[in-house]
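Q: When you get a sec, could you give me coordinates for this:
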Amino acid sequence: MTESRYDVVIVGGGSAGCVLANRLSADPETRVLVLEAGRRDSLWDVYIHMPAALSFPIGNRRYDWCYASEPEPCLHGRRVAHARGKVLGGSSSINGMIFQRGNPLDYEKWAAEPGLERWSYAHCLPYFKRMETCLAGADEYRGGEGPLVVERGPVTNPLFAAFFEAVQQAGYSLTSDVNGYRQEGFAAFDRNVHQGRRLSAARAYLHPVLQRPNLEVRCRAFVTRILFEGARAVGVEVARGRRTERISAGEVILCGGAINSPQLLQLSGIGDPEHLRAVGVEPVHELRGVGENLQDHLEVYVQHACTKPVSVAPALKWRNRPWVGFQWLFFRRGPGATNHFEAGGFVRSNEDVAYPNLMFHFLPLAIRYDGTQPAGGHGYQVHVGPMNSDARGRVRITSPDPRVHPALRFNYLSTAQDRREWVEAVRCARHILGQPAFADYDGGELSPGPGVETDEEILDWVARDAETALHPSCTCRMGLDELAVVHPDTLRVHGLEGLRVVDASVMPYVTNANIYAPVMMIAEKAADLILGNEPLGPEHVPFYRHEPAGERATESRAGGRE
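A: Sure thing, here's the model as predicted:
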């Protein structure tokens, strides 16, 4: 067994880990080590870097940890597959490349929790802006000088025009930017695609600084436990092949995500003592919230056949793939240069919610997220699901062996609110796709199909067919109560020194959209907290609020513009 020492050891080279590696190593006196259990994101790997190839890594053990839930009681006992990136860049190297911050009121909800006052929208906005270069234009809401280039979907396919017309016919509004003043409505989506390539966290933040002498990145380095001296974390134990190494650290930062971070804490003796002893782990520190509060987004695809040959289905045919690959490889254009999730929107499904609780992604193709079960021929679909479910689950290890996947229980569809909003979501999607704007294209509903009409039939179909939107979060939530895991002002694990968590697991509530952008924002803010820098000052800008019961829409208390 060998041993080495670093000032900071970052466990996980995913979205948050790449941000921290960049920001913390900017100080040449700070020696930083990134440990990534997966492999490198090689430049030649088409499946990672071609945007349209996003379905290929999903379910492929070279790229994906291939987690699965425990049998979900309200999903007919199904195990739901959960893809997590097994490569440098983490899930940002295999995700759908959709860049959404969430609603400003998500962060107001965070800030309403005791101790989280400095996680309000005004406090988070400057970090969103610092990390991005928005090619649609920088303004009081959007950044223009950050490492993460954000492109707007081109939405040139005629099915997108039909979709935008249909949502207005259905009674919904368009918005200019779902990440700006008004999230509610429909628009072209921002994407982490730049010049025809996926721009992962690794490519945006890590690769540009790999030549720093004080920064080291090791891949295929599997951290098996955190090492302690009393109540202080002093390093980690790492398995690389048959060799085990102890690495000493002034600070250990977990960036493994909402599954791996609580798993490593539990393997290291941090969690519920009764549970740890039951699976053969000696408790080191009691912290019963570790692995609890698991949240996610579930989604279904409402699919229609298309009567005109305008969808992107031909690009999937084997005979056309060489041409698609040639166009992308040599010119970075064509069907391979987009993720195809170019537009969508956010709506409220009922008047009881203060801001959008449904998210839509429109796709000019009828196919599943992982590339399986294509509808055949031309088609189109919307991905839809509730964003603010009150269902809660947990992550728990079942063995002291770090290579055994933890048990994941999400409890999808387990609450009355969840079931109500699912029925509303499917009916809302059908209402949009049934508008006259689609009359020239509509070849009939393929899924769920005409046999699914009643509330009970809709819920049964969701239970049989829904998939995760791949947004696990909140399992090491920040807060001050007895079930909180990290302190909101430092992201240090409560009761321990030298140990922090910075990833999706620290969210108190999942945001109402894709979580990649919020994770990057958290990491940007955490970098200042860790370095002891003065945090960026809050930016109080107006944002849209809906006034129920027919009253006019207004802004936050900071504004007065319609």
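Q: what pLDDT does Glu551 get?
A: Predicted confidence (pLDDT) for Glu551: 50.
Q: Sorry, wrong one. I was asking about Trp323.
A: Reported pLDDT for Trp323: 77.
Q: before we move on, what about Gly334?
A: 84.
Q: Nearest residue to it in space, ignoring adjacent ones along the chain?
A: Nearest non-adjacent residue to Gly334, counting by Cβ to Cβ, 6 or more residues apart in numbering: Gln327, 3.3 Å away. Where C-beta positions appear, they are placed from N, C-alpha and C, glycine not excepted.
Q: can you check Gln195 too?
A: That would be Arg332: by Cβ to Cβ, 6+ apart, it lies 5.7 Å from Gln195.
Q: so how far is Gln169 from that neighbour?
A: 36 Å (Cβ to Cβ, to the nearest Å).
Q: Paired strands for the lengthiest strand in the chain, with orientation please.
A: When the chain is scanned for its longest strand (criterion: DSSP state E), the result is strand 243-254. According to DSSP bridges, strand 243-254 forms sheet pairs with strand 2-11 (parallel), strand 232-240 (antiparallel), strand 499-501 (parallel).
Q: Would you check that the residue nearest to Gln195 makes contact with Arg198?
A: No - with contact defined as Cβ atoms under 8 Å, Arg332 does not count as touching Arg198 (11.3 Å).
Q: quick check: mean pLDDT across the top helix by length along the chain?
A: Secondary structure of the chain per DSSP state H: the longest helix is helix 416-433. When the per-residue pLDDT values of helix 416-433 are averaged, the result is 98.
Q: just how off-centre is that helix within its chain?
A: 22 Å (Cα atoms, centre = their mean, to the nearest Å).
Q: Give me the helices and strands touching that helix, please.
A: helix 158-169, strand 298-306, strand 358-363, strand 379-386, strand 442-447, helix 455-465 (3 or more Cβ pairs under 8 Å, 6 or more residues apart in numbering; DSSP states H and E).
Q: Can I get the third one as PDB, trimmed to CA atoms?
A: What follows is strand 358-363 as a C-alpha-only set of coordinates in PDB (Å, rounded to 0.1, in the frame of the first residue of the first chain):
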ATOM      1  CA  LEU A 358     -44.900  20.400 -15.400                       C
ATOM      2  CA  MET A 359     -42.000  20.400 -17.800                       C
ATOM      3  CA  PHE A 360     -42.200  19.600 -21.500                       C
ATOM      4  CA  HIS A 361     -39.500  18.600 -23.900                       C
ATOM      5  CA  PHE A 362     -40.600  18.300 -27.600                       C
ATOM      6  CA  LEU A 363     -38.700  15.900 -29.900                       C
END
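Q: how far does that strand sit from the chain's center?
A: 15 Å.
Q: Ok, the fourth one next?
A: Using Cα atoms, centre = their mean, the distance from the centre of strand 379-386 to the centre of the chain it belongs to is 18 Å.
Q: Can you list the strands that it pairs with?
A: Counting by DSSP bridges, strand 379-386 is paired with strand 298-306 (antiparallel), strand 358-363 (antiparallel).
Q: got the angle between the shortest one and helix 158-169?
A: Going back to what we said before, that points to strand 358-363. 150 degrees (axes from the mean of the first three to the mean of the last three Cα atoms, to 10 degrees).
Q: returning to that earlier point: please identify the deepest-packed of the strands paired with strand 379-386.
A: strand 358-363 (a mean of 26; mean count of other Cβ atoms under 10 Å).
Q: can you pull the buried residues of stretch 265-279?
A: For stretch 265-279, the buried set under the neighbour-count rule, 16 or more other Cβ atoms under 10 Å, comprises 265-273, 275-276, 279.
Q: swap that for stretch 279-298, sorry
A: Under 16+ other Cβ under 10 Å, the buried positions of stretch 279-298 are 279, 281, 283-285, 287, 289-298.
Q: Can you pick out the most distant pair from these?
A: Using Cβ to Cβ, the pair of the buried residues of stretch 279-298 lying farthest apart is Val284 and Leu298, separated by 34.6 Å.
Q: how about the helices and strands packed on helix 416-433 in a markdown table, adding distance to Ala249?
A: Putting those into a markdown table (distance: least, Cβ to Cβ, whole Å) gives the following:
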| stretch | distance to Ala249 |
| --- | --- |
| helix 158-169 | 49 |
| strand 298-306 | 37 |
| strand 358-363 | 39 |
| strand 379-386 | 40 |
| strand 442-447 | 50 |
| helix 455-465 | 45 |
